[in-house]
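Asker: show me the folded form of this:
(4 chains)
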2 protein chains.
Amino acid sequence: MATMQDVARLAQVSVSTVSYVLTGTRPISQATRNKVLAAMAELDYQPNAMARGLASRRSRILGLLMPMDERGLGATETAFVTGAAAAASVAGYHLVLSPVGGGNLDDLRRLASQRMLDGVVLMEVQLADERVTVLQEAGVPLVLIGRTGDTSTLSYVDIDFDQTVREAVAHLVGLGHRQIVYVNHSAATLASGYGPALRTRDAFTAAMTGHGLDPVMIAAEDSAAGGRAALAAAFAQAPELTAVLAMNETAIFGILGELAGRGLSVPHDVSVVSMVTSPQVAELATPALTAMTSPGSALGRIAIEALTRHLDGPTDLLHQQLLPCALEIRGSTAAPRRPALVTSGPSSSDGG
Amino acid sequence: MATMQDVARLAQVSVSTVSYVLTGTRPISQATRNKVLAAMAELDYQPNAMARGLASRRSRILGLLMPMDERGLGATETAFVTGAAAAASVAGYHLVLSPVGGGNLDDLRRLASQRMLDGVVLMEVQLADERVTVLQEAGVPLVLIGRTGDTSTLSYVDIDFDQTVREAVAHLVGLGHRQIVYVNHSAATLASGYGPALRTRDAFTAAMTGHGLDPVMIAAEDSAAGGRAALAAAFAQAPELTAVLAMNETAIFGILGELAGRGLSVPHDVSVVSMVTSPQVAELATPALTAMTSPGSALGRIAIEALTRHLDGPTDLLHQQLLPCALEIRGSTAAPRRPALVTSGPSSSDGG
DNA sequence: GAACCTCGTCGAAGCGTTTCGACGAAGCGA
DNA sequence: TCGCTTCGTCGAAACGCTTCGACGAGGTTC
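Answerer: I've put the predicted structure just below:
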């Protein structure tokens, strides 16, 4: 383990000169720089992260705080992580993933106060999220993936749920569907103030109303059984339904199973669109699901970029950005077999 | 940000005394300890992780190195992570997840040499894994989840593939199945020396042979399409097959789709067992899959415990442990409708 | 009662960086 | 030529902690 001292001695310069070569905080002549670089190479020198952190009061570590609950990361969340890690690496930071759930707020407070994290990206943000308060009190720079209710003082990147839902509905309506049911997360999740669930609910209502259609939403537990139950409820509320739009990635497999069980084929009897879904998951189903693909890795990347920009050049600007999901048409949507009576709008009347 | 100085001053003791209270490295009288503790509480003191790391030459950070590839973490890998994170927290360490894939060996070398990681847990180990060499050269304590080919000098925790496969086969044979096909990972994965694929292949051969049965293995691409192709190949090689055992969690959805497409019902025409699978994924299918549930979080926990034990008390003992997956019977296995002719062994002849 | 421990505490020397003030050596305008 | 910057470098003081040697005070042991 060579230290800066060793490098300085070998290069016959002072320690500070070596430091300046490394950090570029002061100009160094080309000749000296070369001597130092050569010495570093010869000694296989690596700066000690702890010493650097202590002296500079910046750890060059970023935290990605993700509540890792029982059911694990979907491919969407994984994409956040990989995107974020790659961006952090580019910016010269390390990324610490920390599974700080709702419960251990003290853990979080400790983590934040230990000066080990230069900044933090928060995932799975609730509309009212105590973690935000804790981190702000600890003075840790913060970027959210997702949004709290009051976004006026925070930087965030989030999915543009409004546009995503609008596009999904437009796709179905364009195919001729009139009775579309939206399967959301559970009632409990809605009640807990989970942003995506609430925002998509509102967006769905708006989009359907805009088409002159009746918005029917079902809250489903996050399980295959929940999906099955949701489909039963959907048929009860909307017997003529020809399409299902589902936010609940887990429930959707139950929905598909239940449709098969009722002898209904996808997409001919019922079309299915999965929202905020990764291609990997969409391909698991048979037929592969038409889905709104989440911009997962882009979200992670942008969040980290916003954070590092804030850390490296202390701009006080907030970064607030929404990214829509992209419609990827696969095998689970088609024109309805018996298109509902056209009650308004110029929807096509093909299909049979 | 109160420092140790502040605490010492307020408690009217020396800085070193405060340190001893914190670390317990020297005895401190109860009276003094109380004074110090009170001062800490009053100042809301949090030790500075960087300073501590520099002085003690231990960062109290552990790395979990996981190759995060395109298709993301399954619930199984996620369980590793949560188990490891929880155990690390208990042992007073932080966990850094680092997406160090195969390519960036230099990144890894840098990470290891910066003295930022006290120790490392390596996931998704190949039989010949360069990362192991790099870390050993850098002198970083190491525990594997998985195994390299030569395990003589390394600590590891891994799934007991041999027993897992044996149990799965025994379950199917016990139900009366004789023609069982094993769907493994892809040929490319096998060729790359991926331990689980190779070990399960051998274990399957051994288990089937032990029952006097013919082992048929199919290598399937990690996709739904790969699963469909695999099933076709399986029927080509073993037309009488009544059961499928699948290691390939992704392919299994294709297999199920293809079975449905052929009008074969699960489990009555064909039984399906999924290996090394999380309950969450098993429940996604309809019917829910009988599966060998991987001891995911236990693996992560045990790996971290072995690592911290090694770090805190420098035992030179290696920790080498295998954990079997647990058979969880759900809806995808049953006695075959027409059990194959009993050719040997005392299998029951019920079912019809 | 001398010699020797052990216990609890202190002061000071690091740990390996960054960063600040200083200072010759040039370079430049007047 | 004189004062003035600017450039490149140096030495030393942090940064906030751990850890080592030392040292009184109080017990034991013979």
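Asker: can you report how many residues neighbour the residue of the stretch 201-350 of chain A found nearest DNA strand D?
Answerer: Ranked by Cβ to the nearest atom of the strand, the top residue of the stretch 201-350 of chain A for proximity to DNA strand D is A:L311, at 18.2 Å. Every C-beta, even on glycine, is put in place using the N, C-alpha and C of the backbone. Here the count is done by other Cβ atoms under 10 Å in any protein chain shown, and A:L311 has 17 residues near it.
Asker: surely it meets A:V121?
Answerer: No: at 11.9 Å, A:L311 does not count as touching A:V121 under the criterion of Cβ atoms under 8 Å.
Asker: count the neighbours of A:V143 for me.
Answerer: Applying the criterion other Cβ under 10 Å, we find 26 residues in the vicinity of A:V143.
Asker: quick check: closest non-adjacent residue to the residue of the stretch 101-250 of chain A found nearest DNA strand D.
Answerer: When distances are taken as Cβ to the nearest atom of the strand, the stretch 101-250 of chain A approaches DNA strand D most closely through A:R115, which lies 7.6 Å from it. Ranked by Cβ to Cβ, 6 or more residues apart in numbering or on different chains and with sequence neighbours excluded, the top spatial neighbour of A:R115 is B:N48, at 5.3 Å.
Asker: contacts only, for that neighbour.
Answerer: Residues in contact with B:N48 (Cβ atoms under 8 Å, 6 or more residues apart in numbering or on different chains) are A:L54, A:Q114, A:R115, B:M1, B:T3.
Asker: for it, phi and psi?
Answerer: Listed backbone geometry of B:N48 is phi -80, psi 120, with angles given as degrees, to the nearest 10.
Asker: how far away is it from DNA strand C?
Answerer: The gap separating B:N48 from DNA strand C is 11 Å, by Cβ to the nearest atom of the strand, to the nearest Å.
Asker: ok, now A:T308?
Answerer: For A:T308 relative to DNA strand C (Cβ to the nearest atom of the strand), the value is 16 Å.
Asker: then A:S19?
Answerer: Separation of A:S19 from DNA strand C (Cβ to the nearest atom of the strand): 3 Å.
Asker: number of nearby residues for that residue?
Answerer: In terms of burial, A:S19 registers 20 neighbours under the definition other Cβ under 10 Å.
Asker: again, but for A:E137
Answerer: 11.
Asker: next SSE after the helix or strand A:I218 falls within?
Answerer: When elements are defined using DSSP states H and E, A:I218 is found to belong to strand A:216-219. The helix or strand immediately downstream of strand A:216-219 is helix A:224-237, counting by DSSP H and E.
Asker: contacts only, for A:Q114.
Answerer: Remark: with contacts taken as Cβ under 8 Å, 6+ apart, A:Q114 is in contact with B:Q46, B:P47, B:N48, B:A49.
Asker: for A:L231, which non-adjacent residue is closest in space?
Answerer: Nearest non-adjacent residue to A:L231, counting by Cβ to Cβ, 6+ apart: A:E258, 4.4 Å away.
Asker: could you do A:A203 as well?
Answerer: When the adjacent residues along the chain are set aside, A:A203 lies closest to A:V165, with 3.8 Å between them (Cβ to Cβ, 6+ apart).
Asker: with A:Y45 instead?
Answerer: A:A2 (4.6 Å).
Asker: which neighbours does the strand holding A:I218 have in its sheet, and in what orientation?
Answerer: For strand A:216-219, the paired strands and their directions (DSSP bridges) read strand A:180-184 (parallel).
Asker: what is the subsequent helix or strand relative to the strand it pairs with?
Answerer: Downstream of strand A:180-184, the next assigned helix or strand under DSSP H and E is helix A:187-191.
Asker: for the following helix or strand past that next one, which positions count as buried?
Answerer: Secondary structure here is assigned by DSSP H and E; on that basis, the next helix or strand after helix A:187-191 toward the C-terminus is helix A:195-210. Within helix A:195-210, the residues that qualify as buried are A:G195, A:P196, A:A197, A:L198, A:R199, A:T200, A:R201, A:A203, A:F204, A:T205, A:A207, A:M208, counting by 16 or more other Cβ atoms under 10 Å in any protein chain shown.
Asker: confidence-wise, which of those residues comes last?
Answerer: Per-residue confidence across the buried residues of helix A:195-210 is lowest for A:G195, with 88 (pLDDT).
Asker: residue contacts, it?
Answerer: With contacts taken as Cβ under 8 Å, 6+ apart, A:G195 has the following neighbours: A:V125, A:Q126, A:L127, A:G146, A:R147, A:T148, A:D158.
Asker: near chain B at all, the one helix or strand A:V281 maps to?
Answerer: For A:V281, the enclosing helix or strand under DSSP H and E is helix A:279-284. Yes: for a cut-off given as Cβ under 8 Å from any Cβ of the partner chain, helix A:279-284 has contacts with chain B, namely A:Q280, A:E283, A:L284.
Asker: with the residues you listed in mind, which one is nearest to chain B?
Answerer: Sorting the residues of helix A:279-284 next to chain B by how near they are to chain B, with Cβ to the nearest Cβ, puts A:L284 at the top with 4.2 Å.
Asker: what's near enough to touch A:G53?
Answerer: The contact partners of A:G53, taken as Cβ under 8 Å, 6+ apart, are A:S59, A:R60, B:A49, B:M50, B:G53, B:L54.
Asker: for the stretch 201-350 of chain A, what spans make up the strands?
Answerer: If you assign secondary structure with DSSP state E, counting those that start in this stretch, the strands in the stretch 201-350 of chain A sit at A:216-219, A:243-246, A:271-277, A:290-293, A:320-323, A:326-328.
Asker: what's the separation between A:V266 and A:V165?
Answerer: 20 Å (Cβ to Cβ, to the nearest Å).
Asker: would you mind measuring from A:Q163 to B:T315?
Answerer: In this structure, A:Q163 lies at 58 Å from B:T315, with Cβ to Cβ as the measure.
Asker: A:V140: what secondary structure?
Answerer: Under DSSP: H, G, I helix; E, B strand; the rest coil, the three-state class of A:V140 is coil.
Asker: sketch out the low-pLDDT regions of the stretch 251-352 of chain A for me.
Answerer: Counting by pLDDT under 70, the stretch 251-352 of chain A contains low-confidence ranges at A:314, A:338-352.
Asker: just the helices in it please.
Answerer: For the stretch 251-352 of chain A, the helices identified by DSSP state H, counting those that start in this stretch occupy A:251-261, A:279-284, A:296-312, in order along the chain.
Asker: circling back: list the contacts for the residue nearest to A:L231?
Answerer: With contacts taken as Cβ under 8 Å, 6+ apart, A:E258 has the following neighbours: A:G227, A:R228, A:L231, A:A232, B:T286.
Asker: for the fourth one, give me the pLDDT.
Answerer: Right, A:A232. A:A232 is assigned a predicted lDDT (pLDDT) of 94.
Asker: again, but for the second one
Answerer: You'll see A:R228 listed with a pLDDT of 93.
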